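Asker: Build me a structure from this.
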Amino acid sequence: MRLTIAFFIAICCIAAGRRPTVRKFLITGEGQGTTYQVIYYSLDSVVTKKQIDSIIDRIDSSLSLYKPYSLINRFNHSDSGIIVDDHFLAVLNKSLKTFRDTEGLFDVTVQPLVQAWGFGAKPITELPDSHAIRSLKECVGSQHLQVLDNRIVKKKSCTQIDLNGIAQGYTVDVIAGLLDQHFLLNYMVELGGEIRVKGRKQPDNEKMKVGIETPGDDEFQRRIMQKVITIDQGAITTSGNYRRYYESQGKRISHLIDPRTGYPVQNELISVSVYAEDAMTADALDNALMVMGLEKAIKFVEDRKDLAAHFVYKAKNGSIHDTMSTRFYQLIK
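Answerer: Okay, the predicted model is just below:
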């Protein structure tokens with residue numbers, strides 16, 4: 001019906017000798033513990049806040065650890081696995097592919113470790129010791145998961161998953177898919193800093209500008225927009241150890257867990273921003289690159305023609321610097 005109305009308006013404008021006017025539509029809201037905004041350019045309002053909120057609610061019912069009734073919580077509490085929906089399947093299949101591509105550095109089965117270090121849905125009273133870490137690591141490893149049609153099977157009953165490192169990117173892609181279904185050619189979708197762009201600003205036909213958030217002089221304090229890229233297609237996401245952390249006994253504990261060691265990541269990287277064709281790919285890889293460390297992360301990105309990345313890191317003398325992959329230079333305005 002909305003498409004019919006928009007078409008009717010266009011015909012009337014042409015008949016009256018006037019060109020139809022493309023307008024900017026902005027939808028904002030809250031979801032997945034953060035905020036979102038959707039900008040699109042159209043003759044008429046063809047996508048509504050209600051539709052977007054409905055998408056987020058359905059995805060949360062599948063993937064959110066903070067919803068007791070969600071499929072992911074049902075899976076984590078099961079002994080051998082459950083039947084899941086299309087959202088769960090899409091995200092887990094991508095997670096398993098990224099697990100293989102990164103040689104295990106992106107691993108959604110780190111959930112027990114994430115919870116033990118105080119970044120899960122339940123509060124903790126003390127930090128895990130080395131014995132607890134060794135015990136929890138026995139449950140970690142995406143090789144313990146198997147997809148059988150629409151059923152996800154766990155080979156170890158203690159294996160649990162956390163999809164927070166990829167779910168927001170996936171949600172951005174699903175919302176973008178809704179806009180595509182309504183034949184919108186120019187839009188930007190942003191959820192919690194994860195962004196996907198298609199087309200250009202109208203009516204000036206300018207490329208979209210995206211600011212990259214990085215820390216200032218102290219990696220855990222003031223944040224600034226250090227770089228601005230211009231794109232008309234693709235997605236960009238950012239992962240950083242300054243986004244979620246706490247202090248314990250004088251040490252800063254990051255939410256990024258290294259599945260190899262079971263401990264929070266400790267390397268020179270402060271943040272990684274990844275450009276990819278879709279937000280789910282970028283969202284998964286920005287976490288994996290943080291775990292790799294600067295040298296390996298740059299090589300990984302340079303070896304992939306579909307990726308570009310910007311890195312902020314701390315030098316040995318304590319000063320903060322940034323660098324980027326070859327392809328990322330082409331995106332800088």
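
Asker: alpha carbons only for contacts and neighbour counts from here, please
Answerer: Fine.

Asker: Helix or strand: which one has Met212?
Answerer: I think there's a mix-up here, since residue 212 is Ile and not Met. Element membership of Ile212, judged by DSSP states H and E, is strand 206-215.

Asker: That strand pairs with which strands?
Answerer: strand 200-201 (antiparallel), strand 223-231 (antiparallel) (DSSP bridges).

Asker: What's the first helix or strand after the last one?
Answerer: Scanning the chain past strand 223-231 towards its C-terminal end, the next helix or strand to appear is strand 233-240 (assignment: DSSP H and E).

Asker: averaged over its residues, what pLDDT does that next one have?
Answerer: Computed over strand 233-240, the mean pLDDT rounds to 94.

Asker: what's the answer for stretch 107-123, then?
Answerer: In this model, stretch 107-123 has a mean pLDDT of 88.

Asker: picking up where we left off before, can you flag the weakest of the strands paired with strand 206-215 by average pLDDT?
Answerer: Across the strands paired with strand 206-215, strand 223-231 gives the lowest mean pLDDT, at a mean of 76.

Asker: All the helices of this protein, in order from the start?
Answerer: Applying DSSP state H to the chain gives helices spanning 2-15, 49-63, 71-77, 86-101, 111-116, 130-137, 164-181, 279-292, 294-302, 326-329.

Asker: The longest one: which residues count as buried?
Answerer: The one in question is helix 164-181. 164-176, 178-179 (16 or more other Cα atoms under 10 Å).

Asker: Out of the residues you listed, which is nearest to Ile195?
Answerer: Using Cα to Cα, Val172 comes nearest to Ile195 of those, at 7.0 Å.

Asker: In this structure that closest one contacts Val189, no?
Answerer: Yes. The criterion here is Cα atoms under 8 Å, and Val172 meets it with Val189 at 6.3 Å.

Asker: Between these two, which contacts overlap?
Answerer: Ile195, Arg196 (Cα atoms under 8 Å, 6 or more residues apart in numbering).

Asker: shaky segments in the stretch 101-250 of the chain?
Answerer: The stretch 101-250 of the chain contains residues with pLDDT under 70 at 213-226, 242-250.

Asker: got the domain boundaries for this structure?
Answerer: 66-161, 205-333 (automatic domain parsing).

Asker: nearest to Asp57, of these?
Answerer: domain 66-161 (10.3 Å).

Asker: how far does that closest one stretch from start to finish?
Answerer: 13 Å (Cα to Cα, to the nearest Å).

Asker: sorry, back to before: tell me the gap between the strand holding Ile212 and the middle of its chain.
Answerer: 16 Å (Cα atoms, centre = their mean, to the nearest Å).

Asker: Ok, stretch 78-92 next?
Answerer: Centroid displacement of stretch 78-92 relative to its chain, using Cα atoms, centre = their mean, is 19 Å.

Asker: Dump that stretch to CSV, restricted to CA.
Answerer: Extracted C-alpha coordinates of stretch 78-92, given in CSV (Å, rounded to 0.1, in the frame of the first residue of the first chain):
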residue,chain,number,x,y,z
SER,A,78,20.5,-28.1,27.3
ASP,A,79,22.6,-31.3,27.5
SER,A,80,22.8,-32.0,23.7
GLY,A,81,21.3,-29.1,21.8
ILE,A,82,18.0,-27.8,20.4
ILE,A,83,16.1,-26.9,17.3
VAL,A,84,16.7,-23.3,16.4
ASP,A,85,15.2,-20.6,14.1
ASP,A,86,16.7,-19.0,11.0
HIS,A,87,18.3,-16.1,12.9
PHE,A,88,20.2,-18.5,15.1
LEU,A,89,21.3,-20.7,12.2
ALA,A,90,22.5,-17.7,10.1
VAL,A,91,24.6,-16.3,12.9
LEU,A,92,26.0,-19.6,14.1
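
Asker: Could you check it and say which residues are buried?
Answerer: Going by neighbour count (16+ other Cα under 10 Å), the buried part of stretch 78-92 is Ser78, Ser80, Gly81, Ile82, Ile83, Val84, His87, Phe88, Leu89, Val91, Leu92.

Asker: How about the contacts made by the nearest residue to the last one once chain neighbours are set aside?
Answerer: This means Leu92. Nearest residue to Leu92 in three dimensions, chain neighbours excluded: Leu163, at 8.0 Å (Cα to Cα, 6 or more residues apart in numbering). By Cα under 8 Å, 6+ apart, the contact list for Leu163 reads Leu63, Ser64, Val91, Leu92, Val108.
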